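Student: Would you be able to build a 3D model of this:
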Amino acid sequence: MPLRRCYPSDLTDEEWALLEPLIPAPKPGGRPAKVSRREIMNAILYVLKNGIPWRAMPHDLPHWSTVYHYFRRWQKEGVWEKAVQALVRRDREREGRPASPSALVMDSQSVKNDGKRGPRGNDGAKKVKGRKRQILTDTGGRLLKVFVHPANEHDKWGGRALLAGMGLSLWPRVRKLFVDWGYRGLKETASSLGLELEVVARPYAGVRGVWVREGAEVPEIPRERGFKPLPKRWVVERTFAWLGRNRRLAKDYEENPRVSEAWVYLGMLRLLVKRLARAA
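Tutor: Residues are numbered from 1 along each chain as shown. Reported below is the predicted structural model:
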């Protein structure tokens, strides 16, 4: 335990035991590390949960420049993504499932940008000026991959880039991909990766409020009112809700989209570590 009063975002002993093997240890030789890896992670998670600027780091946590150095270094080394993938496998096995899913779900979320420099655009459909977060999850809503790009770029383009960087060799059982209507142009891309694309969305013509698969006949029934979750794809909306509990993810505060992706991975990392520690 840290030698200070704990913050709600701090890792417990059980959570740190799960996470420690996934965080790079100090290199042998040279001067000993002055700041523990656990305190660095506690500081990063404090920023994630509370959405503060780096320079507003509390004085009883490590200096913000030290924490930012390790955050960016591990982001560039792919530590956050690899840690989430390892935790996803472990959480699936905890439920008695194979480590690799057999089906994926894809969707996007448009979020406002705080006006810093960097790529951004206007999503006219959702009236949001900022960026899109394209994510792939398993059917339990566990994040496997994220790709951030300007909000004015079409989901088809973002989805293609997301699939291209997925690394399906890590998930050998995947055969199915559930998407909404905006990704219907990805059939060839999905087929080239050995995936069967299934579009589950509202029809653009005919009866509203009825869920149909692409190519299916729209039934002639009265119009329904109110919200209904889309089959298979509702888990992605729940994942966005899980991530939204972290104030750092309420908007996109980053100049670099790759840094934005790191925060999304950290949001899922925090959730999975807490879930696994609770189940232990």
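Student: okay, CA-based contacts and neighbour counts for the rest of this
Tutor: OK.
Student: For the stretch 51-200 of the chain, give me the ranges with low pLDDT.
Tutor: For the stretch 51-200 of the chain, no stretch has pLDDT under 70.
Student: where do the strands sit along the stretch 1-150 of the chain?
Tutor: Ranges of strands within the stretch 1-150 of the chain are 103-112, 121-123, 128-138, 143-150, based on DSSP state E, counting those that start in this stretch.
Student: The closest residue to Arg89 other than its chain neighbours: how many residues sit nearby?
Tutor: Using C-alpha to C-alpha, 6 or more residues apart in numbering and skipping the chain neighbours, the partner closest in space to Arg89 is Ala99 (4.5 Å). By other C-alpha atoms under 10 Å, 21 other residues sit near Ala99.
Student: Is Ala99 in contact with Ala86, as I believe?
Tutor: No: using C-alpha atoms under 8 Å, Ala99 is not in contact with Ala86; the gap is 9.2 Å.
Student: Name all residues that make contact with the closest residue to Glu93 other than its chain neighbours.
Tutor: Nearest residue to Glu93, sequence neighbours excluded (C-alpha to C-alpha, 6+ apart): Ala99, at 5.7 Å. Contact analysis of Ala99 by C-alpha atoms under 8 Å, 6 or more residues apart in numbering lists Val88, Arg89, Arg90, Arg92, Glu93.
Student: now Ala99: how far from Arg245?
Tutor: When distance is defined by C-alpha to C-alpha, to the nearest Å, Ala99 is 26 Å away from Arg245.
Student: same question, Val200
Tutor: Val200 sits 27 Å away from Arg245, going by C-alpha to C-alpha.
Student: Who wins on neighbours among the contacts of Ala99?
Tutor: Compared across the contacts of Ala99, Val88 has the highest neighbour count, 25 neighbours, by other C-alpha under 10 Å.
Student: Give me the nearest residue to it, chain neighbours excluded.
Tutor: When the adjacent residues along the chain are set aside, Val88 lies closest to Arg142, with 6.5 Å between them (C-alpha to C-alpha, 6+ apart).
Student: I'd assumed Thr239 was in contact with the one you found.
Tutor: Yes: look at Arg142 against Thr239 with C-alpha under 8 Å: they come within range, at 7.2 Å.
Student: So for Val200 and Arg245, which sits in the more crowded spot?
Tutor: Higher neighbour count among Val200 and Arg245: Val200, with 19 against 14, using other C-alpha under 10 Å.
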